[in-house]
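Visitor: no letters, just coordinates:
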Ligand SMILES: [Zn+2]
């Protein structure tokens, strides 16, 4: 299944160093899809995701994979700080603390991951969310929704044995 993806280049990114693409940090944006895109097109906001996924699964591409989007802030993953430099930022429109991810959002995330999974040698172990890399400071995703998403990812991309 594939989903429509529109391109809205955000000015909020660092072109260097080239993004490492070690893995992915998932977020929810709280705001609607349209409001989030508008926010990330404003230079003053100084925030961006690589891609944003709407409730119906359609996506907005905001920052190129090889560039560093500004989504994680103060964060640590696998003992390393500055997660923006090595984790791509993928966000779901809406608020997973209030409303579960839609099936289309999860399917669209898998669709976005698919061409990148083998290219970057990803495993479920390099998938994370904002809550886990900035504990106590950030609460996206809701734990139950993170568990749903991770189960879907693990089901779609079984480990090579
Ligand atoms: Zn976040």
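Guide: Thanks, I have it. Everything quoted here is computed from the prediction, not taken from an experiment.

Visitor: elements contacting whichever helix or strand residue 115 is part of?
Guide: Under the criterion DSSP states H and E, the helix or strand holding residue 115 is helix 103-117. On a contact count with 3 or more C-beta pairs under 8 Å, 6 or more residues apart in numbering; DSSP states H and E, helix 103-117 meets strand 51-53, strand 87-92, helix 143-156. Backbone N, C-alpha and C define where each C-beta goes, glycine included.

Visitor: dump the ones you listed to TSV, plus distance to the ion.
Guide: Shown next, in TSV, are the helices and strands packed on helix 103-117 (distance: least, C-beta to the ion, whole Å):
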stretch	distance to the ion
strand 51-53	11
strand 87-92	7
helix 143-156	12
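
Visitor: any chance of TSV for the ones you listed, columns mean pLDDT and mean neighbour count?
Guide: Formatted as TSV, the entries for the helices and strands packed on helix 103-117 read as follows, by pLDDT from 0 to 100; neighbours: other C-beta atoms under 10 Å:
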stretch	mean pLDDT	mean neighbour count
strand 51-53	98	25
strand 87-92	98	27
helix 143-156	98	16
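
Visitor: so what's the closest residue to residue 87 other than its chain neighbours up against?
Guide: The shortest distance from residue 87 to any non-neighbouring residue, by C-beta to C-beta, 6 or more residues apart in numbering, is to residue 25 (4.2 Å). Applying C-beta atoms under 8 Å, 6 or more residues apart in numbering, one finds that residue 25 lies in contact with 71-72, 75, 77, 83, 87-90, 128-130, 133.
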